[in-house]
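**Q** please work out how this folds:
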Amino acid sequence: MATPPDRRAIILDKAAELFARKGISATTVREIGDAAGILSGSIYHHFDSKDTIIDAIVSSYFDDMLAGYAEVLASDADASERLHGLVLTSLHCAAAHPHASELYQRDRNHLRETPRFAYVRDAVAEMRRTWLTVIEAGVAEGAFRTDIRPKILYPIIRDGLWRTVEWFRPSEAYDTDDLADDCFAFFRQALAVQVPAAAA
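**A** As a prediction, the model looks like this:
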């Protein structure tokens, strides 16, 4: 006997895709219903409002990201290895929640300014603290350069990783782990302590 489709999961998937493409304000419950192949009124059997749908999409994304970051911080690895762990976690989480990542990029101001989504602001702040902790530890260990402020490095790295969902499509020949390794190699080189060239 065939397993019946998970209507809630379908609604979330289609809604996330629409929010990422059109934005929160421009997406209606009717459009979500049409995309999910159900009447818009039936959506309310699963979610009591559009905000509840957004909440389910966004909260799972940030919960997974923060859980992964916490594991990285709890490890005994040095700063360079932790940096690799954060890159890997970020890319795998973005791949698992591609539309949630795009939704946040598009509507971050709306999410941060809406009281219901206050946890988004808190989650983003915690993510920032995590990255700064690792970068500053690398500076203290003598592994990372000191001439660029960590507060500047973080958003450059963050946006570079999060926006990969807009163009990266994993394949058997080159998957998310491969992308993470290459991104880490690039960031590690950029962060490496610069050794002055020997005088001629």
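
**Q** okay, Arg188 and Arg82: tell me how far apart.
**A** 12 Å (CB to CB, to the nearest Å). Yep, even glycine has a C-beta here, placed from its N, CA and C like the rest.

**Q** actually Ile157, sorry about that
**A** Distance of Ile157 to Arg82, computed by CB to CB: 13 Å.

**Q** likewise for Gly142?
**A** 15 Å.

**Q** pick out whichever of the two has more residues nearby.
**A** More crowded of Gly142 and Arg82, by other CB atoms under 10 Å: Arg82, with 22 against 10.

**Q** now for the more buried one: which residues touch it?
**A** Applying CB atoms under 8 Å, 6 or more residues apart in numbering to Arg82 gives the contacts Val72, Leu73, Ser75, Val134, Ala137.

**Q** extract the C-alpha trace of the helix or strand Val139 falls within and format it as CSV.
**A** Val139 is part of helix 118-140, with elements assigned from DSSP states H and E. Extracted C-alpha coordinates of helix 118-140, given in CSV (Å, rounded to 0.1, in the frame of the first residue of the first chain):
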residue,chain,number,x,y,z
ALA,A,118,12.3,37.9,17.4
TYR,A,119,14.1,34.5,17.8
VAL,A,120,15.6,35.1,14.3
ARG,A,121,17.5,38.1,15.5
ASP,A,122,18.7,36.1,18.6
ALA,A,123,19.7,33.2,16.4
VAL,A,124,21.7,35.4,14.0
ALA,A,125,23.4,37.1,16.9
GLU,A,126,24.4,33.7,18.3
MET,A,127,25.7,32.6,14.9
ARG,A,128,27.8,35.8,14.8
ARG,A,129,29.2,35.2,18.3
THR,A,130,30.2,31.7,17.2
TRP,A,131,32.1,32.8,14.2
LEU,A,132,33.8,35.6,16.1
THR,A,133,34.8,33.2,18.8
VAL,A,134,36.5,30.9,16.3
ILE,A,135,38.1,33.7,14.4
GLU,A,136,39.4,35.5,17.5
ALA,A,137,40.7,32.1,18.9
GLY,A,138,42.6,31.7,15.6
VAL,A,139,44.1,35.2,16.1
ALA,A,140,45.1,34.3,19.7
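
**Q** quick one: the helix or strand just after it to helix 118-140, angle?
**A** Next helix or strand after helix 118-140 toward the C-terminus (DSSP H and E): helix 150-162. Relative orientation of helix 150-162 versus helix 118-140 (axes from the mean of the first three to the mean of the last three CA atoms, to 10 degrees): 120 degrees.

**Q** show the buried residues in the contacts of Arg82.
**A** Burial by neighbour count, judged by 16 or more other CB atoms under 10 Å, picks out Val72, Leu73, Val134, Ala137 from these.
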